[in-house]
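Undergrad: could you look at this predicted model? Sequence included:
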Amino acid sequence: MTYTVLVTAPTLAAAGLERLAARNCRVLFIEQGQGAGEIEALIAREPVDAVISRTLDLTSAALQASPRLKVVCKHGVGVGNIDVDAATRLGIPVFVTPGANAQSVAEMTLALMFAAARRVPWMDRQLRQGQWARVQDGLQLSGRTLGLVGFGQVARRVAAACQAIGMSVVVYDPFLPEGAALEGVERVERLDQLLPLSNVLSLHVPLTAQTRQLIGAAELAALPVDALLINTARGEVVDETALIAALRERRLFAAGLDTMAVEPLPADSPLLQLDNVVLTPHVGGSTPAALAAMARDAVQHVLAYLDGEPGVAACCVNPLVFNR
């Protein structure tokens with residue numbers, strides 16, 4: 001059977017497109033500069049069976065725009081841009097592709113950590129401006145403690161790499177099952193126990209009502225002197241105003257951010273004026289290898305469900321739809 005699949009972006013990696021082509025699927029894209037309104041209009045106008053969701057918002061109105069829409073899969077794991085409650089009410093399963101970009105995000109986490117600790121971007125700019133600024137105030141990470149908020153696939157990879165260079169690792173994750181393998185990592189039961197230990201605090205949690213602004217002024221103040229904050233999760237997990245204040249006052253040594261509260265980052269953002277923050281434009285999971293894996297897995301999920309298979313419950317964020 002031929003299906004119509006909407007990708008809420010201008011492109012999809014060849015690994016996904018080839019699978020769709022092999023099934024003679026019709027593939028629709030959202031062009032650069034278009035947004036939620038165009039998605040809704042397209043679903044209402046075209047016989048869309050499935051949506052592969054990238055970064056644009058997939059609203060309740062879009063999900064309700066056609067009774068033909070049967071399944072959504074996120075190209076990644078963060079579903080903050082999808083109205084999951086509306087999908088659940090409509091009986092539409094929302095799948096994710098866990099692990100597909102975990103190695104890529106882990107490597108970006110490490111890149112930001114090292115760059116922030118050793119002030120690499122600042123020194124690079126100085127050299128390009130003709131300054132031989134041999135600053136010697138970078139942080140050596142060996143012997144320090146990495147605090148992880150969340151202990152999923154990305155965090156586990158980060159932990160292993162940091163242990164290899166001589167760091168201790170402590171984790172806070174209230175959803176981690178008792179008896180889960182910790183691989184040499186110490187576990188604490190509360191966030192306020194983790195913070196004073198964390199010379200480097202790295203965030204690896206989804207954006208939910210519980211994690212929104214989880215790290216605010218009080219939490220930043222509880223970190224050790226000269227701590228680093230690394231965020232490759234979601235910008236809204238951090239109170240950005242409090243973070244900017246802590247960086248300005250040098251209560252934090254530095255931060256490395258792949259994601260911000262508002263994206264794209266506004267041209268007047270105070271973050272752009274700080275020399276102790278390393279910024280990247282939410283590309284932690286966007287290496288070619290990761291994009292290919294996410295596209296492949298997303299296509300596999302939607303085609304399997306459309307073909308009548310039950311779907312992988314562990315990859316579905318609203319499995320209650322299967323019980324209807």
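TA: Here it is on my side, so go on. Source: prediction; values computed, not measured.
Undergrad: got the domain boundaries for this structure?
TA: Domain assignment of the chain by automatic domain parsing yields the ranges 4-100+287-323, 102-279.
Undergrad: please state the offset of the first one from the chain centre?
TA: Its chain's C-alpha centre and that of domain 4-100+287-323 lie 17 Å apart, by CA atoms, centre = their mean, to the nearest Å.
Undergrad: what does the longest helix seen in the chain contact?
TA: In terms of residue count, the longest helix belonging to the chain (DSSP state H) is helix 288-306. If you take CB atoms under 8 Å, 6 or more residues apart in numbering as the criterion, helix 288-306 is touched by 1, 3, 5, 12-17, 19-20, 23, 25, 49-50, 52, 70-76, 93, 95, 97, 100-101, 103-105, 285, 311-312, 315. Quick note: C-beta positions are derived from backbone N, CA and C, even for glycine.
Undergrad: restricted to buried residues, select the residues you listed in ChimeraX.
TA: Selection of buried members from the contacts of helix 288-306 for ChimeraX, criterion 16 or more other CB atoms under 10 Å:
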select :3,5,12,13,15,16,17,19,20,25,49,50,52,70,71,72,73,74,75,76,93,95,97,100,101,103,104,105,285,311,312,315
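Undergrad: among the contacts of helix 288-306, which are in strands?
TA: In strands, defined here by DSSP state E, the members of the contacts of helix 288-306 are 5, 50, 52, 71-74, 95.
Undergrad: with respect to Gly150, which of these is nearest?
TA: Closest to Gly150 out of those is Lys74 (17.4 Å), distances taken as CB to CB.
Undergrad: need the contact list for that closest one.
TA: 53, 82, 94-97, 298 are the contacts of Lys74 under CB under 8 Å, 6+ apart.
Undergrad: from Leu201, how far off is the closest residue to Leu252 other than its chain neighbours?
TA: Leaving aside its chain neighbours, Leu252 sits nearest to Ala246 (4.7 Å; criterion: CB to CB, 6 or more residues apart in numbering). In this view, Ala246 and Leu201 are 11 Å apart by CB to CB, to the nearest Å.
Undergrad: and these two? which has more neighbours close in?
TA: Applying other CB atoms under 10 Å to Ala246 and Leu201 shows that Leu201 carries more neighbours, namely 28 against 21.
Undergrad: quick check, that one in contact with Ala227.
TA: Yes: between Leu201 and Ala227 there is a contact under CB atoms under 8 Å: 6.4 Å.
Undergrad: for the residue nearest the centre of the chain, grab phi and psi.
TA: With distances taken as CA atoms, centre = their mean, the chain has Ala233 as the residue nearest its mean C-alpha position (4.0 Å). Dihedral pair for Ala233: phi -100, psi -90, per degrees, to the nearest 10.
Undergrad: that one against Thr208, yeah?
TA: No: counting by CB under 8 Å, Ala233 does not reach Thr208; the two are 11.0 Å apart.
Undergrad: so what's the gap between the strand or helix carrying the residue nearest to Leu252 and the chain middle?
TA: Using DSSP states H and E, Ala246 sits within helix 240-248. Here the centre of helix 240-248 is set off from its chain's centre by 21 Å, with CA atoms, centre = their mean.
Undergrad: same question, stretch 208-226
TA: Distance of stretch 208-226 from its chain centroid, counting by CA atoms, centre = their mean, is 18 Å.
Undergrad: check stretch 271-291 too.
TA: Relative to its chain's centre, stretch 271-291 lies at 11 Å (CA atoms, centre = their mean).
Undergrad: check the separation of the first and last residues in that stretch.
TA: Using CA to CA, to the nearest Å, the end-to-end distance of stretch 271-291 comes out at 28 Å.
Undergrad: how about that stretch: buried residues?
TA: Residues of stretch 271-291 classed as buried by neighbour count (16+ other CB under 10 Å): 271, 274, 276-280, 282, 284-287, 290-291.
Undergrad: stretch 78-91 now?
TA: For stretch 78-91, the neighbour count (16+ other CB under 10 Å) marks 78-79, 81-84, 86-88 as buried.
Undergrad: closest one of these to Glu189?
TA: The closest of the buried residues of stretch 78-91, once distances to Glu189 are taken by CB to CB, is Gly78, at 25.6 Å.
Undergrad: pretty sure the closest one contacts Thr208?
TA: No: in this structure Gly78 lies outside contact range of Thr208 using CB under 8 Å: 10.3 Å.
Undergrad: pull the contacting residues for Glu236.
TA: Listed by CB under 8 Å, 6+ apart, the contact set of Glu236 reads 80, 207, 212-213, 261.
Undergrad: what about Asp85, which SS state?
TA: Classification of Asp85 using DSSP: H, G, I helix; E, B strand; the rest coil returns helix.
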